[in-house]
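**Q** Show me the folded form of this:
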Amino acid sequence: MTHDVAERPKTMDNDIAADDAPDSVPALAALIPPLGETAILLDIDGTLLDFAPTPREVWVPPELAVTLKQLHARSNGALALVSGRSLNDIDLIFAPDLFPAIGGHGAEMRLQPDSEAVATHSPPLDKELKRRLAAIAKLSPGILLEDKGYSLALHYRLAPAAEKAIYEAVSLIRAELPNAPIEVLPGKSVCEIKHAGFTKASGVRELMTQEPFKGRRPFFIGDDVTDETVFAIMPDYNGFSFSVGRRALGVAGQFGTPDDVREFLAHLIDGKGT
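**A** A predicted model of the protein is given here:
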């Protein structure tokens, strides 16, 4: 049995340009306007942070925490984390620090570190649908189920052999519920199912209508398929997008690893005025 093309985990080979060598950090930093004119938009997993065996095991290097706080101050608050994680999860990872953020692939947004999170008109997944999808985790003891409220993720980093079975099971549920308003997001060792109608890009569009982001020239850094929706809209704001680990089509540059991203952000502190 094959699964729908939209559900198939992408190797991303068809999205990689001929020159796949990472760019130098100073060359990419030179593209960025003064921080007082810039909106800084950053994916988390695989971009700011290295992957871990489970989502709860990721680690924030102390120097990154310092860099993010400095960039938030130097940009006058125009720094936001853009993630598939919930805002609560983002806060746990970066505690005690809080940052503006878009969570749940665009389902939640917070404009100020100390402001309340707001839903972006995104309904949570149906409970019965969640129950059926959650049952897929029983296929292997290595599959980790993560309920994000607005989406449900099946992580198989610890059970890579289960990948095909997971996507086939999701395809079967979709075939039985053809009118269910859901979207399947294939990621790196994760199959995520969310309510259709919102994306990271829709969250960023909403964010860019609000102060202090409004009117600024943004840049976004991401690594995965779900980040491509944001890559696609950066030209609408005369902005830049950068990919990590591969050279996605349309990006202004490529970082090799999250460590390169962290070096780049630190370089902005040293080399950009307000």
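
**Q** list the contacts for residue 187?
**A** When contacts are counted by CB atoms under 8 Å, 6 or more residues apart in numbering, residue 187 touches 9, 84, 224-226. Heads up, the C-betas are built off the backbone N, CA and C, glycines and all.

**Q** Let me have the residues you listed in JSON lines, adding neighbour count and pLDDT as columns.
**A** Converted to JSON lines, the contacts of residue 187 look like this (neighbours: other CB atoms under 10 Å; pLDDT from 0 to 100):
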{"residue": "9", "neighbour count": "19", "pLDDT": "49"}
{"residue": "84", "neighbour count": "29", "pLDDT": "92"}
{"residue": "224", "neighbour count": "24", "pLDDT": "90"}
{"residue": "225", "neighbour count": "16", "pLDDT": "89"}
{"residue": "226", "neighbour count": "23", "pLDDT": "90"}
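
**Q** Make a markdown table out of the residues you listed and add secondary structure and distance to residue 55.
**A** Output for those, formatted as a markdown table (DSSP: H, G, I helix; E, B strand; the rest coil; distance: CB to CB, whole Å):
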| residue | secondary structure | distance to residue 55 |
| --- | --- | --- |
| 9 | coil | 17 |
| 84 | coil | 10 |
| 224 | coil | 13 |
| 225 | helix | 17 |
| 226 | helix | 14 |
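
**Q** Where in this structure is the helix or strand with the lowest mean pLDDT?
**A** strand 118-119 (a mean of 69; mean pLDDT, DSSP states H and E).

**Q** Packing partners of the helix or strand following that strand?
**A** The helix or strand immediately downstream of strand 118-119 is helix 127-134, counting by DSSP states H and E. Counting by 3 or more CB pairs under 8 Å, 6 or more residues apart in numbering; DSSP states H and E, the packing neighbours recorded for helix 127-134 are strand 144-147, strand 151-155, helix 163-176.

**Q** quick one, helices of this structure?
**A** Along the chain, the segments classed as helices by DSSP state H run 25-29, 62-74, 87-94, 127-134, 163-176, 200-207, 228-233, 258-271.

**Q** hey, least reliable of these by pLDDT?
**A** Set side by side, the helices of the chain give their lowest mean pLDDT on helix 127-134, at a mean of 90.

**Q** returning to that earlier point: tell me which of the helices and strands packed on helix 127-134 sits most buried.
**A** When you average the neighbours per residue for each of the helices and strands packed on helix 127-134 (mean count of other CB atoms under 10 Å), strand 151-155 leads with a mean of 23.

**Q** chain center to that strand, what's the gap?
**A** Strand 151-155 sits 14 Å away from the centroid of its parent chain (CA atoms, centre = their mean, to the nearest Å).

**Q** One more: stretch 155-173?
**A** For stretch 155-173, the distance to the chain centre is 21 Å (CA atoms, centre = their mean).

**Q** First-to-last residue distance for it?
**A** Using CA to CA, to the nearest Å, the end-to-end distance of stretch 155-173 comes to 18 Å.

**Q** Over to stretch 200-213?
**A** By CA to CA, the extent of stretch 200-213 from end to end equals 16 Å.

**Q** do the same with stretch 79-97
**A** Stretch 79-97: ends 13 Å apart by CA to CA.

**Q** Format the helices and strands packed on helix 127-134 as TSV; extra columns: distance to residue 112.
**A** Output for the helices and strands packed on helix 127-134, formatted as TSV (distance: least, CB to CB, whole Å):
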stretch	distance to residue 112
strand 144-147	27
strand 151-155	24
helix 163-176	37
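
**Q** Mind pulling the model confidence for residue 46?
**A** You'll see residue 46 listed with a pLDDT of 96.

**Q** got the phi/psi numbers for it?
**A** Backbone torsions of residue 46, given as degrees, to the nearest 10, read phi 80, psi 0.

**Q** right, and it touches residue 223 too?
**A** Yes: with contacts counted by CB atoms under 8 Å, residue 46 reaches residue 223, the gap being 3.9 Å.
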